[in-house]
Structure formats: C-alpha cells, structure tokens
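J.: Structural data only, the sequence is not supplied:
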C-alpha cells in the first residue's frame, strides 16, 4: 500500500500552515478547531479512496481530480459570496 497520496500532502500542508499561524498569533481557538475538523475529514476521505481504489496510480489520479474539483467549487462559492 502506498503511503503518500495527494490528500496526505494536503493534510501536511494544512498542519504546517496552522502551526505557523498559531505561532504568529493569527489563529483563535475556534479557527484551530475547524482546521482540525477539516484535517480529520480529509484523512477519512483519503482512507475511503484507499479502500475503494486498488492501484496507487488510480488513487493519485482520482485524488488529484477530487482536489481540483473541490478547489473549483470552493473558489466558485467564494466568488459568488463576494
């Protein structure tokens, strides 16, 4: 089983970003909780993809597509909100 996937990389980036913001004092407690919830959701989705897909190449492909679609939807929501 492959250990590194795109969603693992996203969680790592999210944790490093949260720690850097916490050190700078830019995060408050509720924001830190939401970042933790987001990290747990991403980890669960990663586990689900690993259980559904068999080859590392397919896992990477599907997870990258998932990330791109998620970013497009998030950007669309942000764009229409502002």
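T.: Looks like it arrived, so ask away. Quick caveat: nothing in here was measured; it's all calculated off a predicted structure.
J.: Now do residue 35 against residue 5, distance only.
T.: From residue 35 across to residue 5, the span is 20 Å (Cβ to Cβ, to the nearest Å). (Each C-beta comes from the backbone N, C-alpha and C, glycine too.)
J.: Over to residue 48?
T.: Distance from residue 48 to residue 5, by Cβ to Cβ: 12 Å.
J.: Looking at these two, which has the bigger crowd around it?
T.: Counted by other Cβ atoms under 10 Å, residue 48 and residue 5 do not tie: residue 5 has more neighbours, with 18 against 11.
J.: right, and the more buried one touches residue 63 too?
T.: Yes: shown here, residue 5 and residue 63 form a contact pair, counting by Cβ atoms under 8 Å, at 5.6 Å.
J.: Quick check: neighbours shared by those two?
T.: Common contacts of residue 5 and residue 63, defined by Cβ atoms under 8 Å, 6 or more residues apart in numbering, comprise 46, 49.
J.: Any stretches of this structure with poor pLDDT?
T.: 1-2 (pLDDT under 70).
J.: where along it do the helices fall?
T.: Using DSSP state H, the helices of the chain run over 6-24, 29-52, 56-81.
J.: buried stuff in the second one?
T.: Think helix 29-52. Within helix 29-52, the residues that qualify as buried are 35, 39, 42, 46, 49, 50, counting by 16 or more other Cβ atoms under 10 Å.
J.: quick one, what contacts the fifth one?
T.: Yep, that's residue 49 we're talking about. Residue 49 neighbours (Cβ under 8 Å, 6+ apart): 5, 7, 59, 62, 63, 66.
J.: And the fourth one, by the same measure?
T.: If a contact means Cβ under 8 Å, 6+ apart, then residue 46 has 5, 7, 8, 11, 63 as its contacts.
J.: 6 Å instead?
T.: Contact analysis of residue 46 by Cβ atoms under 6 Å, 6 or more residues apart in numbering lists 5, 7.
J.: Can I get the contacts of residue 49 in a markdown table including distance to residue 25?
T.: Shown next, in a markdown table, are those (distance: Cβ to Cβ, whole Å):
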| residue | distance to residue 25 |
| --- | --- |
| 5 | 32 |
| 7 | 29 |
| 59 | 38 |
| 62 | 38 |
| 63 | 33 |
| 66 | 33 |
